[in-house]
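Asker: need a 3D model of the following:
(chains A and B)
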Amino acid sequence: MAHPIVSLAKRRGFYWPAFEIYQGVGGLYDLGPLGARLQQELVDLWRSTYVLPEGFLEVDTPTLGPEVLFRASGHLGEFADLLVCCRSCQEPFRADHLLEGVHPNPEALPAPEVDGLLVQHKVRCPRCGASSFDPARPFNLMFQSNFGPIPGRFAYLRPETAQGIFANFPALYRLHRKRLPFGVAQVGRAYRNEISPRQGLLRLREFGQMEVEYFHGPTPADKDHPRFGEIAADLTSLVPAPAAGTPAAPVAVTFQQAVDRHIVAHRLIAYHLARVQQFLLRAGIPAERLRFRQHEADEMAHYALDCWDAEVLLEAGWVEVVGIADRGCFDLEQHQKASGISMEAERILAEPREEEVTEVIPNFATLGPSFKGKAKAIGEALRSLDHAVLAGPITLTLEGGEEVVIRSDHFSLSTRKERRTVEPFLPHVVEPSFGLSRILYCVLETCYQVEVSPSESDAEQGTSEPEDGEGSAAGGYVRLRLPPVIAPTKVGVFPLMDRDGLTELALQAERRAIAEGLSAFVDTSQSIGRRYARADEVGVPFCITIDYQTKEDGTVTLRHRDTRTQERHSIVDALLAVAAAVRKPVSFGRGT
RNA sequence: GCAGGCGUCGUCUAGUGGUAGGACGUUGGCCUUCCAAGCCAACAACCCGGGUUCGAAUCCCGGCGCCUGCACCA
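Answerer: Residues are numbered from 1 along each chain as shown, chains lettered A, B, ... in the order given. I've put the predicted structure just below:
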């Protein structure tokens, strides 16, 4: 059974399957009025409590990218696996797995060869033992299109926002005035053509991501963070990758202890884990439903050296919502190789180094007459030669195979001393990657609370789900305990009676709330209790009620969603209290 | 993609061959001086396409979607 939040979400407008008028498309969901606003609030919270305080640079890059980009990133190579299905039991297998031991590099084989090798070596189905397979077909999780009318220029929808950041590293490094470390953030959508999307917002073909690439130096001293102290004492729950023979088990530690006991490799990863945890807690995920689990070696993505997932305990089990990966220099190295553009940063040497540099200087005065039009190419080739081999006349092989004989008067050697004050290196990167759509769902599910009304609770039923129909009295009183900072609607304004001028006062109060930047609404329908109930169900944290006393002294009641308690304030004070409660915190300090 | 189950107002559902009923909801009205389910009325549905049949929500086939398991999950 789906969690009752699912039908509430559709009924009240958080989210629902997309394109339902055409029977829908799996893995695509619409965010409704409340969902769109909730998502925006989550992004704002992330930006104000994480991106801004950390000084990250935020960028926005295209969702489409060229083939070379994703060749370089490894996504096309790694994810265009060939799949074969067993004819008798229909089980699908990755071709390269079946051909292990049969071929030295099974991943690189084209489909026809895979089919041939499977028959030739009588490979058996690991499941049922039969040895007859359907033809191999490529299985790509990347969405493909074309740029312009030329069919050969493939365009791909990005499977993560990260590559747009890596591809911009040289510019971003310059814009940060060539100082490391620094982080770059991006919020956007990513696309993966999932085989069988399921579980609503948890497995989508198009989803929201909030990613950070934290560029830093490669030495052990760089794997640290100046503000580690702020989070060192925060408590967390870690599930390290199990060592041989020992099962994975959660440990409760502070981040300081996690580093001291070598559960987490270094303080830099630990720092990011702490910031991720802080964000999730502020978004309303209960601490007891949150943990970090370390990937095992065989679970790791092709680029990762170390990876921790933030997981949230849902009805469906533990679900990954943030991945914190140490990507090393993998991505920058790949893009440097593929593009020919340097992705290196520079480090100032503690002590300048004197180096003797010997260069080959082509002598075009003699090269020109000897080689005419080829002189320029030969000159370039000479420059790139190792000077050690250049004793006298040599034979040079040009591109295209032509050999030319170079005389000693065709070039000269120049030796000079160079004083080096910097050295180049490829930065490393730690990547906290937030699954925005998943977080949105986790927040909704974990904030969902049912209170069995006292008259009906014959058993002690705590906060579990209703047995049958929801959205009604049968299931109990539904309350969405969204933190005020992310609640899509901040305050409801209710006239106690829809008469005697109370509604007019409510409309005035609503205007003032909106002027304060608070999303507000007036509800005059039916009884006051029903209006509170309707507001509680979608997580409105505060309700202001206009009553007869308001007409006399201008005061209203301010009701708190989670406690149902009310206080009397002037309208201005009530709105100030709401505004204070929904203001996004800025986190330099520790804790939550 | 495979196997099994499922698809009825916005939501939860009743309905096994004679063209759909309830509850919640929404809207309007009545009542009501602070915590949903008081009264009256209205609104609103058989996933899509074919087939069988005099007649299909119901039976058959295909598609799409959802759920569970397998596989996949950067």
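Asker: quick one: the strands in the stretch 351-500 of chain A?
Answerer: Applying DSSP state E, counting those that start in this stretch to the stretch 351-500 of chain A gives strands spanning A:394-397, A:403-406, A:411-425, A:428-435, A:448-451, A:477-480, A:491-495.
Asker: partner strands of the first one, parallel or antiparallel?
Answerer: When sheet partners are counted by DSSP bridges, strand A:394-397 sits next to strand A:403-406 (antiparallel).
Asker: okay, buried residues for the strand it pairs with please.
Answerer: Buried residues in strand A:403-406, counted by 16 or more other Cβ atoms under 10 Å: A:404, A:406. Using the backbone N, CA and C atoms, a C-beta is placed for each residue, glycine as well.
Asker: one more: stretch A:437-451?
Answerer: Buried residues in stretch A:437-451 (16+ other Cβ under 10 Å): A:437-450.
Asker: for the record, mean pLDDT for it?
Answerer: Stretch A:437-451 comes out with an average pLDDT of 94.
Asker: can you tell me if that stretch touches RNA strand B.
Answerer: No: Stretch A:437-451 does not reach RNA strand B (Cβ under 7 Å from any atom of the strand); its nearest approach is 7.7 Å.
Asker: and that stretch, how far from the chain's centre?
Answerer: Centroid separation for stretch A:437-451 versus its chain: 19 Å, with Cα atoms, centre = their mean, to the nearest Å.
Asker: one step back: so which of the buried residues of stretch A:437-451 comes closest to RNA strand B?
Answerer: Closest approach between the buried residues of stretch A:437-451 and RNA strand B, by Cβ to the nearest atom of the strand: A:Val450, at 8.2 Å.
Asker: neighbours around the closest residue to that closest one other than its chain neighbours, how many?
Answerer: Closest residue in space to A:Val450, ignoring its immediate chain neighbours: A:Gly476 at 4.3 Å, by Cβ to Cβ, 6 or more residues apart in numbering. Burial of A:Gly476 is recorded as 21 neighbouring residues (other Cβ atoms under 10 Å).
Asker: same check, this time on A:Phe19
Answerer: Residues near A:Phe19, counting by other Cβ under 10 Å, number 11.
Asker: can you give me the domain assignment for chain A?
Answerer: Domains of chain A are assigned by automatic domain parsing as A:4-63+A:158-331+A:429-441, A:70-145, A:350-424, A:489-582.
Asker: hey, least reliable of those domains by pLDDT?
Answerer: domain A:70-145 (a mean of 66).
Asker: still on that earlier bit, can you put the domains of chain A in TSV and add distance to A:Ser342?
Answerer: Output for the domains of chain A, formatted as TSV (distance: least, Cβ to Cβ, whole Å):
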stretch	distance to A:Ser342
domain A:4-63+A:158-331+A:429-441	7
domain A:70-145	14
domain A:350-424	8
domain A:489-582	46
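Asker: A:Ile341 is nearest to which of these?
Answerer: Closest of the domains of chain A to A:Ile341 is domain A:4-63+A:158-331+A:429-441, at 6.4 Å (criterion: Cβ to Cβ).
Asker: picking up where we left off before, most packed of the strands of the stretch 351-500 of chain A?
Answerer: Mean neighbours per residue, mean count of other Cβ atoms under 10 Å, is largest over those for strand A:491-495, with a mean of 27.
Asker: only C-alpha atoms, please: export the one helix or strand A:Arg530 maps to in CSV.
Answerer: If you go by DSSP states H and E, A:Arg530 is part of helix A:528-537. Taking C-alpha atoms only, helix A:528-537 is exported to CSV below (Å, rounded to 0.1, in the frame of the first residue of the first chain):
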residue,chain,number,x,y,z
ILE,A,528,-13.5,27.5,12.3
GLY,A,529,-12.4,24.0,13.4
ARG,A,530,-12.7,22.7,9.9
ARG,A,531,-10.5,25.5,8.6
TYR,A,532,-7.8,24.7,11.2
ALA,A,533,-8.0,21.1,10.1
ARG,A,534,-7.7,21.9,6.5
ALA,A,535,-4.7,24.2,7.2
ASP,A,536,-3.1,21.6,9.4
GLU,A,537,-3.3,19.0,6.7
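Asker: buried ones in that helix?
Answerer: Neighbour-count burial for helix A:528-537 flags A:528, A:531-532, A:535-537 (criterion: 16+ other Cβ under 10 Å).
Asker: before we move on, what about stretch A:145-165?
Answerer: A:154-165.
Asker: got it, and stretch A:571-591?
Answerer: If you call a residue buried by 16+ other Cβ under 10 Å, then stretch A:571-591 has these buried ones: A:571, A:574-575, A:577-578, A:581-582, A:584, A:587.
Asker: likewise for stretch A:372-379?
Answerer: Applying a neighbour-count criterion of 16+ other Cβ under 10 Å, one finds A:375, A:378-379 buried in stretch A:372-379.
Asker: I'd like those laid out as CSV, including distance to A:Tyr271.
Answerer: Below are these laid out as CSV (distance: Cβ to Cβ, whole Å):
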residue, distance to A:Tyr271
A:Ala375, 57
A:Ile378, 54
A:Gly379, 51
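Asker: residue most distant from the centroid, chain A?
Answerer: Centroid-distance maximum for chain A: A:Pro369 at 60.1 Å, with Cα atoms, centre = their mean.
Asker: and that residue, how far from A:Gly200?
Answerer: Note on A:Pro369: its distance to A:Gly200, by Cβ to Cβ, to the nearest Å, is 76 Å.
Asker: ok, back up a step: as TSV, the buried residues of stretch A:372-379 with distance to RNA strand B would be great.
Answerer: Below are the buried residues of stretch A:372-379 laid out as TSV (distance: Cβ to the nearest atom of the strand, whole Å):
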residue	distance to RNA strand B
A:Ala375	48
A:Ile378	44
A:Gly379	44
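Asker: A:Phe143: how many residues sit nearby?
Answerer: By other Cβ under 10 Å, the residues close to A:Phe143 number 17.
Asker: what sits against it?
Answerer: Counting by Cβ atoms under 8 Å, 6 or more residues apart in numbering, A:Phe143 makes contact with A:156-157, A:191-193.
Asker: kindly report the same for A:Pro159.
Answerer: Neighbouring residues of A:Pro159 by Cβ under 8 Å, 6+ apart: A:70, A:75, A:79, A:141-142, A:190-192.
Asker: contacting RNA strand B as well, which ones from those residues?
Answerer: Answer for the contacts of A:Pro159 near RNA strand B (Cβ under 7 Å from any atom of the strand): A:75, A:79, A:141-142, A:192.
Asker: for A:Val184, state which of these is nearest.
Answerer: Nearest to A:Val184 among the ones next to RNA strand B among the contacts of A:Pro159: A:His75, at 19.1 Å, using Cβ to Cβ.
Asker: any idea how far A:Phe411 is from the residue nearest in space to the middle of chain A?
Answerer: Central residue of chain A (Cα atoms, centre = their mean): A:Ser433, 2.7 Å from the mean position. A:Ser433 is 51 Å from A:Phe411, where distance means Cβ to Cβ.
Asker: from the buried residues of stretch A:145-165, pick out the ones that also neighbour RNA strand B.
Answerer: Answer for these near RNA strand B (Cβ under 7 Å from any atom of the strand): A:159-160.
Asker: restricted to helices, list the buried residues of stretch A:145-165.
Answerer: Among those, the residues falling in helices (DSSP state H) are A:162-165.
Asker: of those, which is the nearest to RNA strand B?
Answerer: A:Ala162 (7.8 Å).
Asker: who touches the closest one in this structure?
Answerer: Residues near A:Ala162 by Cβ under 8 Å, 6+ apart: A:186, A:211, A:213, A:331, A:431, A:433.
Asker: OK, contacts around the first one?
Answerer: If I follow you right, that is A:Gln186. Here A:Gln186 is in contact with A:58-61, A:161-162, A:164-165, A:209-211 (Cβ under 8 Å, 6+ apart).
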